[in-house]
Structure formats: structure tokens, C-alpha cells
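Visitor: Any chance you could fold what I've pasted below:
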Amino acid sequence: MYLRNACFSAALMVAASSASAGIIFETSAQNRTIISWTGSCSDCLGTKGDDSFLNAINVSGNIVVDGFTYGEDYRFNSSNLYSFQYDGPSNHVDNLIIYNAGYSSEDAWIDNSDDIFSTIERTEFLTTVTGTVSPEGYYAEFGENLSVVGKITGDLESYFLSISFDTYVPVDPLTGEYIKMSTLVNSGQEALLKLITFDLEFFDDGTWYIKANDEAYDIGRNAQLSVTQVSEPTSFGVFLLSLIAFSRARRAS
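Guide: Okay, the predicted model is just below:
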């Protein structure tokens, strides 16, 4: 874990959320490329798990990678994927920006998932969620123990991508199902946070899934990729974690 060249500014977006979220400060864009993606989602605004596509909507996001050259085949791995963004909209999954904690020692990333588990030695704990939802939308940021495999052809026509990572997220205490963090911010409700595995999967036939503990929460198809631009350096902090949940968990241990 690293913390260097931290540059706070008025643009800092604060969002108190899961204990696995953290801070990231970019120090350079290096050779990053933004690959935008769009797709059709069957159940995003309907019943979770509905794969009929009768009420499908369009969703979008992007993938930021290092070292991609248009026209040349490329392999995704845990060293060259910088971030994955999911813009939704979805009733089941928060808008996500997932930063890769293992991408580079030149970037600063603090993630408390492992810290919390090593302190409380529990995979779940109770806390209240406080903070601010930014005007641009709520982005829950995860990133520890991230695994990436995949490949893409230089013309972006054929691809496969699988991203898996651990994080604490709120779950329904009765069903154990993942709950959107944004629905709990400043609600005053006590939330049960549980350590789970998230999976993001894109397949060559255009199908894609967002899963929590192997259960599909958003189901899609017709994923299409395009290179939009080279990533520019960012000089401000993207996310600041409220340490309330972690400090409570530490005191309770």
C-alpha cells in the first residue's frame, strides 16, 4: 500500500461508504488508454436475474489500461489494467470505479479490506454509512486482491475480460444479498457489511455479467468497445474514505 504525492483540492469528492473503499492519487498517466464500452442490460431496471431482455436498457462504462496500441492484439492482466468503470444505470449495482491496487507503486491506493479483516477477524460487521453522494453520481470504489485475465484484438472486435476482487459491501441481513451502498448513505440505518467477491465478466459473444459471490446482479449482451482517448493525469484525490466504519470495527474487536 502506498501514499505519496497526495494533492488535496476543492475538487476532492468525499463519499463515506464501504470499509473497502479508499484513496487514490494519480501521479502520471504513463501510457494509459481509455476503452469505452456500451451494452444492453436485461435486468438493470427490472427484476434481478431476469435474462429475457424484454425491458432491456443501454448501459455504459470504460476500461483504462496501460500499453494498449490500436491495431495490435493485447492481453489484460493484473499489471496493466488501471481501472474499470460502470456507469449503469442499475437498480441492483452501484455505479462503480474499480481501481487496481496492484497496478503501480507510483499510484497511491489505500484499501482497508485486509486491514479490517486482520483486525476484527470477521467477514461481517455492523456500522452506519455516512458521507456525501457526489452530483455526478455515486461511485463505490473497491480494489484489493484484484485478479485480471483477458485479451482483445487490435480492432476491438474480439475480446474476453474477467475481473475479480474482494470487498466489504452492505448485505440484506435476512437474505444475504448485496445492497447498493448509495441507498444507505446518510440514511441513519445500521448496515451489515460483509466481505464478498465481486466478478465482472465480458465474453467474446458480447454477453457480460456483474456478479456478487457468484450470483448475477446485472445481466447483459451486445457489449461493444471503442477507443475514446488517452488518459490524462489527474491532480486531485478521487475518493476519500470515511474511517468511521473501520474505527468502530476496531473498537468492537
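
Visitor: okay, now Cys44: neighbour count?
Guide: Cys44 has 25 neighbours, counted by other C-beta atoms under 10 Å. From N, CA and C alone the C-beta is placed, and that goes for glycine too.

Visitor: could you point out the longest strand in this structure?
Guide: Scanning the chain for the longest strand, with DSSP state E as the assignment, gives strand 215-230.

Visitor: The stretch 151-253 of the chain: strands as residue ranges?
Guide: 159-171, 190-202, 208-212, 215-230 (DSSP state E, counting those that start in this stretch).

Visitor: circling back: the longest strand of the chain packs against which elements?
Guide: strand 32-41, strand 57-66, strand 208-212 (3 or more C-beta pairs under 8 Å, 6 or more residues apart in numbering; DSSP states H and E).

Visitor: how far off strand 57-66 does it point, in degrees?
Guide: With axes from the mean of the first three to the mean of the last three C-alpha atoms, to 10 degrees defining the directions, strand 215-230 sits at 60 degrees from strand 57-66.

Visitor: buried residues in strand 215-230?
Guide: Neighbour-count burial for strand 215-230 flags 216-221, 223, 225 (criterion: 16 or more other C-beta atoms under 10 Å).

Visitor: For Ser60, list the residues it contacts.
Guide: 36-39, 87 (C-beta atoms under 8 Å, 6 or more residues apart in numbering).

Visitor: Can I get the longest strand of the chain as CSV, trimmed to CA atoms?
Guide: C-alpha atoms of strand 215-230 as CSV (Å, rounded to 0.1, in the frame of the first residue of the first chain):
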residue,chain,number,x,y,z
GLU,A,215,-24.8,-14.5,-8.3
ALA,A,216,-25.5,-12.3,-11.3
TYR,A,217,-26.9,-8.9,-10.4
ASP,A,218,-26.7,-7.3,-13.8
ILE,A,219,-27.0,-9.4,-17.0
GLY,A,220,-26.1,-8.0,-20.4
ARG,A,221,-25.3,-8.6,-24.0
ASN,A,222,-24.2,-6.7,-27.2
ALA,A,223,-21.2,-5.2,-25.5
GLN,A,224,-19.2,-3.1,-27.9
LEU,A,225,-15.8,-1.4,-27.3
SER,A,226,-14.2,1.7,-28.8
VAL,A,227,-11.0,3.6,-28.0
THR,A,228,-12.0,7.1,-26.9
GLN,A,229,-8.9,8.8,-25.8
VAL,A,230,-5.6,8.6,-24.0
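
Visitor: Can you tell me the strand partners of it and which way each runs?
Guide: Under the criterion DSSP bridges, strand 215-230 sits next to strand 32-41 (antiparallel), strand 208-212 (antiparallel) in its sheet.

Visitor: Redo those as CSV? Include mean pLDDT.
Guide: Listed next are the strands paired with strand 215-230 as CSV, based on pLDDT from 0 to 100:
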stretch, mean pLDDT
strand 32-41, 93
strand 208-212, 94
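
Visitor: Output those strands as CSV; include the columns distance to Phe198 and mean neighbour count.
Guide: Formatted as CSV, the strands paired with strand 215-230 follow (distance: least, C-beta to C-beta, whole Å; neighbours: other C-beta atoms under 10 Å):
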stretch, distance to Phe198, mean neighbour count
strand 32-41, 17, 20
strand 208-212, 6, 21
